[in-house]
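Participant: Build me a model:
(one chain, ligands or ions: 2)
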Amino acid sequence: MEDYVKTVTIAVQPAYEARIENGLVCQTGAQLAELYVGGSLSVFVITNAAVRKHWGGALTDSLTQAKLRFQILEMGDGERYKTLATIEELATRLVERGADRRSLVVAFGGGVVGDMTGFLASIYMRGLDFVQVPTTFLAQVDAAIGGKTGVDLRAGKNLLGSFHQPRLVLIDPSVLGTLPEREYRAGVYEALKCGVIRNPQIFDFMEKEREAILRRDAAALEWLIAECVAVKAAVVGADERESGLRRILNFGHTIGHALEAETSYKQYLHGEAVAWGMVAASMIAAGLGKTDAETARRIISAVLAYAPLPRVTARSRNVARRLRADKKTVAGAVHFVLPVEIGRVEIVSDVPERAVLHAIDELRTLSQV
Ligand SMILES: NC(=O)c1ccc[n+]([C@@H]2O[C@H](COP(=O)([O-])OP(=O)(O)OC[C@H]3O[C@@H](n4cnc5c(N)ncnc54)[C@H](O)[C@@H]3O)[C@@H](O)[C@H]2O)c1
Ligand SMILES: [Zn+2]
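Facilitator: Ligands and ions are numbered 1, 2, ... in the order given. As a prediction, this is how the structure comes out:
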């Protein structure tokens with residue numbers, strides 16, 4: 001654990017860094033000043049009331065210390081504010097407060113704040129620089145890296161958006177200390193995903209260090225998050241626009257998305273649905289002989305060790321119908337990311353429907369234990 005990465009480079013054009021360190025929020029001002037040496041920087045922080053309540057003081061103290069001019073804009077809390085209406089409202093407030101093309105926008109919050117701020121930065125006056133300071137587990141290991149930004153439409157999630165890479169990502173694992181327990185665990189599953197798709201060390205660590213991770217041990221989290229960021233960075237660096245490799249990040253997401261949609265996004269947090277999706281994908285992989293029974297068992301046990309998860313009660317046929325509906329919109333087969341061994345997955349497009357139905361039946365059975 002001593003040899004962890006603290007700076008990860010995301011090798012897109014232009015490249016940028018993600019820095020991971022406990023206490024980093026208190027250095028935000030200094031980090032920004034260093035990035036824009038010589039420029040007179042005007043900073044607009046976008047956040048919400050919950051994040052501001054816990055960590056706003058630490059952030060603003062650091063900006064003050066670095067002698068940066070800054071203003072704070074709050075948006076509503078939750079996915080229901082991830083809309084074009086909020087973008088318009090925030091943009092109007094930016095104009096009123098004098099933001100211009102040289103202003104820097106800082107996203108200070110979870111994935112909702114991050115996706116929205118990135119999208120706003122990509123279109124405000126045809127594009128501003130922005131920096132991510134993610135404050136949820138999910139945003140630190142996933143959403144803040146890779147430049148996908150956007151908002152939801154009533155017709156579906158993330159249907160409007162752009163690719164707009166941040167200039168810098170500042171990750172302070174210690175801010176996860178105030179996350180609600182359920183939100184925290186939802187991020188844990190995405191970390192486990194990083195292990196299965198690309199890095200057996202992450203997986204082993206999460207198997208062995210369950211207690212420390214659930215206790216939010218600072219050193220354990222710093223190591224784990226840095227390793228997950230490195231996985232995401234490697235994948236995004238190889239395939240920025242998701243034409244190939246980046247799809248492996250969707251491990252657990254095919255059935256996960258179907259479960260979320262089937263329950264109208266009310267029963268599961270995203271990471272929880274992905275957790276069930278990883279269990280199902282592992283069962284399917286073992287059933288089709290893509291992986292051995294022991295590998296599937298290890299993945300399933302690791303996921304369930306971080307339970308409780310909300311139960312699966314949806315009917316298998318309805319979930320399968322969701323998958324077919326999805327298939328129409330992408331004009332192709334349903335793609336499953338299936339584990340081959342810990343650290344390696346394969347994208348498979350010819351999974352028979354009976355294998356899917358069987359796996360969802362099994363999720364319901366597991367839910368009853
Ligand atoms: N861009 C990407 O590549 C990408 C990837 C995955 C997910 N996403 C998006 O991310 C969003 C979900 O993000 P999320 O799970 O972070 O949810 P979220 O942003 O809604 O945050 C979850 C909750 O935690 C609160 N919170 C945040 N930080 C806190 C802290 N340190 N202490 C206490 N409370 C805190 C928030 O106010 C919120 O109520 C979705 O909209 C999803 O589409 C984007
Ligand atoms: Zn996800």
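Participant: Show me where the stretch 251-369 of the chain has its strands.
Facilitator: Ranges of strands in the stretch 251-369 of the chain, per DSSP state E, counting those that start in this stretch, are 336-341, 344-348.
Participant: Return the most buried member of those.
Facilitator: Of these, the one with the most neighbours on average (mean count of other C-beta atoms under 10 Å) is strand 336-341, at a mean of 21. Just so you know, the C-beta spots here come from the backbone N, C-alpha and C atoms, and that holds for glycine as well.
Participant: Tell me the strands beside that strand, with direction?
Facilitator: strand 344-348 (antiparallel) (DSSP bridges).
Participant: per-residue confidence averaged over the partner strand?
Facilitator: Across strand 344-348, the average pLDDT comes to 96.
Participant: again with stretch 49-69
Facilitator: Averaged over stretch 49-69, pLDDT sits at 97.
Participant: close to ligand 1, is it?
Facilitator: Yes. Applying C-beta under 6 Å from any ligand atom, one finds stretch 49-69 in contact with ligand 1 at 50-51, 54.
Participant: Please identify the buried residues of that stretch?
Facilitator: Across stretch 49-69, burial judged by 16 or more other C-beta atoms under 10 Å covers 50-52, 55-56, 58-60, 62-63, 66, 68.
Participant: Around ligand 1, pick out the residues from the stretch 51-200 of the chain.
Facilitator: Residues of the stretch 51-200 of the chain lying near ligand 1 (C-beta under 6 Å from any ligand atom): 51, 54, 77-79, 82, 109-113, 115, 135-136, 138-139, 142-143, 146, 148, 157-158, 175, 178-179, 183.
Participant: Could you tell me which of those belong to helices?
Facilitator: Counting by DSSP state H, the part of those found in helices is 51, 111-113, 115, 138, 183.
Participant: By neighbour count, which of the residues you listed wins?
Facilitator: With neighbours defined as other C-beta atoms under 10 Å, the most crowded of these is residue 113; it has 30 neighbours.
Participant: Identify the residue nearest it in space, chain neighbours excluded?
Facilitator: Once flanking residues are discounted, residue 113 sits nearest to residue 107: 5.3 Å by C-beta to C-beta, 6 or more residues apart in numbering.
Participant: doesn't that neighbour fall inside a strand?
Facilitator: Yes. Under DSSP: H, G, I helix; E, B strand; the rest coil, residue 107 falls within a strand.
Participant: Contact partners for the residue of the stretch 151-300 of the chain found nearest ligand 1?
Facilitator: Nearest residue of the stretch 151-300 of the chain to ligand 1 (C-beta to the nearest ligand atom) works out as residue 178 at 3.6 Å. By C-beta atoms under 8 Å, 6 or more residues apart in numbering, residue 178 lies in contact with 54-55.
Participant: And it, how far from residue 136?
Facilitator: To residue 136, residue 178 is 10 Å away according to C-beta to C-beta, to the nearest Å.
Participant: returning to what we had before: just name the closest of the ones in helices among the residues of the stretch 51-200 of the chain next to ligand 1 to residue 353, please.
Facilitator: Of all these, residue 138 has the smallest distance to residue 353: 30.3 Å, by C-beta to C-beta.
Participant: Now the closest one. Nearest residue, chain neighbours left out?
Facilitator: residue 187 (4.3 Å).
Participant: Show me which residues of the helix or strand hosting that neighbour are buried.
Facilitator: In this structure, residue 187 sits in helix 181-198 according to DSSP states H and E. Neighbour-count burial for helix 181-198 flags 184-198 (criterion: 16+ other C-beta under 10 Å).
Participant: how about these, which pair is most distant?
Facilitator: 184 and 198 (22.4 Å).
Participant: returning to what we had before: of the residues of stretch 49-69 next to ligand 1, just say which sits nearest to residue 236.
Facilitator: residue 51 (24.6 Å).
Participant: Is stretch 271-287 in proximity to ligand 1?
Facilitator: No. Stretch 271-287 does not reach ligand 1 (C-beta under 6 Å from any ligand atom); its nearest approach is 7.0 Å.
Participant: Walk me through the domains of the chain.
Facilitator: Domain ranges of the chain: 7-177, 181-368, per automatic domain parsing.
Participant: Count the residues that sit near the nearest residue to residue 287 once chain neighbours are set aside.
Facilitator: Setting aside the residues directly before and after it, residue 287 is nearest to residue 355 in space (C-beta to C-beta, 6+ apart), at 5.4 Å. Neighbour count for residue 355, taken as other C-beta under 10 Å: 15.
Participant: again with residue 369
Facilitator: Residue 369 has 6 neighbours, counted by other C-beta under 10 Å.
Participant: ok, the residue nearest to residue 287 - contacts?
Facilitator: Contact analysis of residue 355 by C-beta under 8 Å, 6+ apart lists 284, 287-288.
Participant: quick one: which of those sit in helices?
Facilitator: Using DSSP H, the contacts of residue 355 in helices are 284, 287.
Participant: Would you show me how to pick out the buried ones of the contacts of residue 355 in ChimeraX?
Facilitator: To isolate the buried members of the contacts of residue 355 in ChimeraX, using 16+ other C-beta under 10 Å:
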select :284,287
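Participant: Tell me the predicted confidence for residue 327.
Facilitator: As predicted, residue 327 sits at a pLDDT of 61.
Participant: Excluding chain neighbours, what is closest to residue 29?
Facilitator: residue 66 (3.0 Å).
Participant: picking up where we left off before, average pLDDT for the helix holding residue 187?
Facilitator: For helix 181-198, the mean per-residue pLDDT is 98.
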